[in-house]
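> sequence and computational prediction follow.
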Amino acid sequence: MHIDWWTLLLQTVNFAVLVWLLQRFLYRPILRLIDARKSEVRRQFDDAQAAEQKAKLQLAAVQADYASLAAAREASVRAAAVQAQEAAGALRAQAERDAHALLERAHQSVLAERDRVLQEARQLALDLGAEYARRLLAEVPMALRAEAWIERIERHLRTLPATELQPLVQELQNGAVATVTTATSLPATTQDEWSRRLGQLLGGGRLVFEVKPELVAGAELHFPTAVLSFSWQSALAALRAQVAGDAQSH
């Protein structure tokens, strides 16, 4: 086999030139292009990762805000429920107090009206009793009525302590006048009898007689410094005062 060394040498040179040309004008630019592309892809990938991380952070922030808003809304709802419950409780308590106060006022009004009616009934009963007693008394002879009255006056004067009776006697002895007041006019003979019997207890002295129909019955002795009442008027006044006192105590 014959080898053409010149041909082989030329082909080797041609191949070397071709390799050099390919490396200089094709391979290196392609490598640079690939490196640039890799750099761009890497940059884009890094940007994408950065954007993803930023999106994740933003999403976490949004979720945190949403959770905060949800918690705030729930707290607001609970607070509103508590306030509504407290307001309802306050309204219910106020309504109960108002109802109790209304019932108490109504009760007091009923009691006051009852006491007023009872007092009026008692006063009317006293008035009717006094009028009925006056009519019955008018049917009793004057002599009997007068005797009962003078006996009552005598019993009272006899039981008076000396410290009370003596000043009255002294007034009459000094010239004072005692007035005997009756509901109806006493006959002259009865007046003389009363003057004699009272004079014995009072050590003499001057007595005058007056008529005062509002006494109803009985008599009163009027001294300059004292009044001795034995009339029904004083008894009725005491009863009326007692009735009024009982009504006020209720």
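Good, I have the coordinates.
> continuing past the helix or strand where residue 81 lies, what's the next helix or strand?
Residue 81 belongs to helix 28-138 when assigned by DSSP states H and E. Under the assignment DSSP H and E, the closest C-terminal helix or strand after helix 28-138 is helix 142-159.
> who's in contact with that next one?
Here helix 142-159 makes contact (C-beta atoms under 8 Å, 6 or more residues apart in numbering) with 137, 165, 182, 184, 186-187, 190, 193-194, 197-198, 201-202, 217-219, 221, 228, 230. Where C-beta positions appear, they are placed from N, C-alpha and C, glycine not excepted.
> can you select the buried ones from those in PyMOL?
To isolate the buried members of the contacts of helix 142-159 in PyMOL, using 16 or more other C-beta atoms under 10 Å:
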select buried, resi 165+182+186+190+193+194+198+202+217+218+219+221+228+230
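> now, which of the contacts of helix 142-159 lie within helices?
Using DSSP state H, 137, 165, 190, 193-194, 197-198, 201-202 are the members of the contacts of helix 142-159 that sit in helices.
> and the spatially most central residue of the chain, how far is that from residue 94?
The centre of the chain sits closest to residue 101, judged by C-alpha atoms, centre = their mean, with a distance of 6.8 Å. Going from residue 101 to residue 94 by C-beta to C-beta, to the nearest Å gives 10 Å.
> for residue 16, same thing?
For residue 16, the distance to residue 94 equals 112 Å [C-beta to C-beta].
> check residue 36 too.
From residue 36 to residue 94 the distance is 84 Å (C-beta to C-beta).
> same question for residue 180.
Distance of residue 180 to residue 94, given as C-beta to C-beta: 69 Å.
> try residue 37
83 Å.
> over to residue 80?
With C-beta to C-beta as the criterion, residue 80 and residue 94 are 21 Å apart.
> same thing with residue 221?
Per C-beta to C-beta, residue 221 is found 66 Å from residue 94.
> residue contacts, the closest residue in space to residue 172 that isn't next to it in sequence?
Nearest non-adjacent residue to residue 172, counting by C-beta to C-beta, 6 or more residues apart in numbering: residue 205, 2.7 Å away. Residues in contact with residue 205, defined by C-beta under 8 Å, 6+ apart, are 169, 171-173, 176-178, 199.
> among those, which are in helices?
169, 171-173, 199.
> low pLDDT regions in this protein?
By pLDDT under 70, the low-scoring segments of the chain are 1-2, 106, 110-112, 114-142, 232-250.
> again, only this time at 50
Flagging of the chain using pLDDT under 50 yields the residue ranges 132, 136-137, 139.
> picking that back up, which of the contacts of residue 205 are buried?
Burial by neighbour count, 16+ other C-beta under 10 Å: within the contacts of residue 205 this picks out 169, 171-172, 178.
> tell me which of these is nearest to residue 65?
Of all those, residue 171 has the smallest distance to residue 65: 108.8 Å, by C-beta to C-beta.
> what residues are up against the closest one?
Residue 171 sits next to 178, 205, 223-225 when contact means C-beta under 8 Å, 6+ apart.
> distance-wise, check it relative to residue 207.
For residue 171, the distance to residue 207 (C-beta to C-beta) stands at 12 Å.
> what residues do the two have in common as contacts?
By the contact definition C-beta under 8 Å, 6+ apart, residue 171 and residue 207 are jointly contacted by residue 178.
> what about residue 157, how many neighbours?
When counting by other C-beta atoms under 10 Å, one arrives at 19 neighbours for residue 157.
> what of the one 5 residues further on?
The number of residues packed around residue 162, counting by other C-beta under 10 Å, is 8.
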